[in-house]
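Q: Would you be able to build a 3D model of this:
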Amino acid sequence: MNVIFKGTPAGDPGRRLMVDFHVRSGLPAWINVATPELINHEFLFDVTVALLGNRGVLEETRQELTELTTGVPSSYHHVKKDPDTAEQVKDASAGSKAT
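A: Prediction:
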């Protein structure tokens, strides 16, 4: 991947092929997270743009995201409920009352 990105201009078909491979079939093991400074930044930018532009949002995910504007209890944190009343109780680990 680095060889292709270092030896070709932006928009090159070889670059697009590498980005498409990573977006459609990529695995975390393909990226060496131990040395992020060695990963080509143009490649990372192109993959990021492709992922954001081509992702399909599942209906459940779309519903979870609406929680940000509706004030409905969020899937982003745990809500504890009293087993007897099923009402929400203060989460001592978070230090605030869940809503």
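Q: quick one: the strands in this structure?
A: Using DSSP state E, the strands of the chain run over residues 90-91, 96-97.
Q: Would you quantify the distance from S25 to V19?
A: Distance of S25 to V19, given as Cβ to Cβ, to the nearest Å: 11 Å. No exception for glycine: its C-beta is placed from N, CA and C like everyone else's.
Q: Look at those two and report which has more neighbours.
A: Taking neighbours as other Cβ atoms under 10 Å, S25 and V19 compare with V19 leading, 22 against 8.
Q: thought that one was touching V47?
A: Yes: with contacts counted by Cβ atoms under 8 Å, V19 reaches V47, the gap being 5.5 Å.
Q: mean pLDDT lowest for which of the strands of the chain?
A: Lowest mean pLDDT of the strands of the chain: strand 96-97, a mean of 45.
Q: which stretches of the protein have low pLDDT?
A: Filtered on pLDDT under 70, the chain yields the residue ranges 55-80, 86-99.
Q: Show me the helices in it, by range?
A: 2-7, 13-25, 41-54, 59-70 (DSSP state H).
Q: Quick check: which of these is nearest to V33?
A: Nearest to V33 among the helices of the chain is helix 41-54 (12.1 Å), distances taken as Cβ to Cβ.
Q: contact partners of the closest one?
A: Residues from elsewhere that reach helix 41-54 (Cβ atoms under 8 Å, 6 or more residues apart in numbering): M1, N2, F5, A10, R15, M18, V19, D20, H22, V23, G26.
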